[in-house]
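S.K.: how would this look folded up:
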Amino acid sequence: MSNLEASPREVACGATTFDDVEVLSPREVPLGGPRALPVRRTLPQHQRSLIGAWCFADHYGPQDLRQSAGMDVPPHPHTGLQTVSWLFRGQIEHRDSAGVHQLIDPGELNLMTAGAGICHSEVSTSQTTVLHGVQLWVALPDSDRNTARNFDHYVPEPISRGDATVRVFLGELAGDRSPVHTFTPLLGAQVDLAAGCTLELDVDRGFEHGVLLDLGRVEAAGRTLAPGELAYLGPGASSLCLRNPTGMAARVVLLGGAPFAEELLMWWNFVGRSHDEIVTYRQLWQDSDARFGAVSGYTGSVPRLPAPAMPATRLRPRRRT
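M.R.: Numbers count the residues shown, from 1 in each chain. Predicted coordinates:
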């Protein structure tokens, strides 16, 4: 998925830790214009830009596509990251410049490695009436950020834990491990909680964790979340308690990872390390350079997404107080 903001702001990412649970509220961003699909962006924010190597989180739907436009993101570039697509409802067609053409269905992981450069398109299919899911980015460490393009598709088996169901799409949780390779230690899982369910999970005490609430109302480590909110927990805990106190089902996406020590600079769809790198990536994309390749088979009205104009000043790290 692309960051379609007309004037994207740079974000400098660095690891920090907190002893208490921190709750992040999303901001709404139109994907493809004011009349298109609205998404709730939880990462990055001023006060928090990373959870492990997770550096971007968009949460969208449920959106009735019979009453509004669906997802239609033209070919656009990425560098220095992996994209993670995870659906609850609907279907998305993915095409990329590595030659991959893949349909994304609920409960299936699509992980695209941009490495040194890739471009891709994402379109909701014609049979989709309701679209609902998350789109996530993972920053690549400096040692691997210029790796080759790649793509993984994986369907995790649902794991029952009492009145809860866990689907582990990256990393290890609840006795299950995803076979999909990541370049830093990561966790990604969907957790469904039946009405009144309390679930105690063993987690890696060296990880930061984020609990993104999709459906219902859930208490994460004692903090109550509203839909769209994300609870951040710093390293140090060996267990995580999730509780659904209501009479209705609830669902969360659990993210985790070892604190990412490197400082990053994110602008538009690029992850780099400096202003000059971002300028170079942008110009190569505008020049249709082979670094990003081309997408075959996309039939939208715009053949490729142009990059926004660079800001008048140099991109600089956004410091936290």
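
S.K.: now do the helices in this protein.
M.R.: Taking DSSP state H as the criterion, the chain carries its helices at 275-286.

S.K.: spatially nearest residue to the residue sitting nearest the centre point of it, not counting backbone neighbours?
M.R.: Compute the mean C-alpha point of the chain, and by C-alpha atoms, centre = their mean the closest residue is Leu136, 0.7 Å away. Excluding the flanking residues, the one nearest Leu136 by C-beta to C-beta, 6 or more residues apart in numbering is Val84, at 4.1 Å. (C-beta placed from N, C-alpha, C; glycine too.)

S.K.: pLDDT score for that neighbour?
M.R.: Val84 is assigned a predicted lDDT (pLDDT) of 98.

S.K.: got the contact list for it?
M.R.: Leu109, Asn110, Leu111, Val134, Gln135, Leu136, Trp137, Val138, Phe169, Leu170, Gly188 (C-beta atoms under 8 Å, 6 or more residues apart in numbering).

S.K.: which one of the residues you listed has the most neighbours?
M.R.: Neighbour counts for the contacts of Val84 (other C-beta atoms under 10 Å) peak at Leu170, which has 30 neighbours.

S.K.: that one contacts Pro185, doesn't it?
M.R.: No: Leu170 is beyond contact range of Pro185, at 9.9 Å (criterion: C-beta atoms under 8 Å).

S.K.: okay, and the common contacts of these two?
M.R.: By C-beta under 8 Å, 6+ apart, no residue touches both Leu170 and Pro185.

S.K.: how about the nearest residue to Ser238 once chain neighbours are set aside, phi and psi?
M.R.: Of all residues not flanking Ser238 in the chain, Arg205 sits nearest, at 4.5 Å (C-beta to C-beta, 6+ apart). Torsion angles at Arg205 (phi, psi; degrees, to the nearest 10) stand at phi -70, psi -10.

S.K.: number of residues surrounding Arg205?
M.R.: 10.

S.K.: low-confidence ranges, the stretch 51-200 of the chain, go.
M.R.: The stretch 51-200 of the chain contains no residues with pLDDT under 70.

S.K.: isn't the residue nearest to Ser238 up against Gly234?
M.R.: No: using C-beta under 8 Å as the test, Arg205 is too far from Gly234 to be in contact (10.4 Å).

S.K.: what's the spacing between Cys197 and Asn244?
M.R.: 5 Å (C-beta to C-beta, to the nearest Å).

S.K.: same question, Gly117
M.R.: To Asn244, Gly117 is 43 Å away according to C-beta to C-beta.

S.K.: quick one, which of the two is more surrounded?
M.R.: Shown here are Gly117 and Asn244; by other C-beta under 10 Å, Asn244 has more neighbours (25 against 21).

S.K.: which residues does that one contact?
M.R.: Neighbours of Asn244 in contact, by C-beta under 8 Å, 6+ apart: Leu193, Ala194, Ala195, Gly196, Cys197, Thr198, Gly216, Arg217, Val218, Glu219, Ala250.

S.K.: show the buried residues in these.
M.R.: Leu193, Cys197, Gly216, Val218, Glu219, Ala250 (16 or more other C-beta atoms under 10 Å).

S.K.: for Glu262, state which of these is nearest.
M.R.: Val218 (31.7 Å; C-beta to C-beta).

S.K.: excluding residues flanking it in the chain, which one is nearest that closest one?
M.R.: Counting by C-beta to C-beta, 6+ apart, Val218 lies nearest to Ala250, which is 4.9 Å off, once chain neighbours are set aside.
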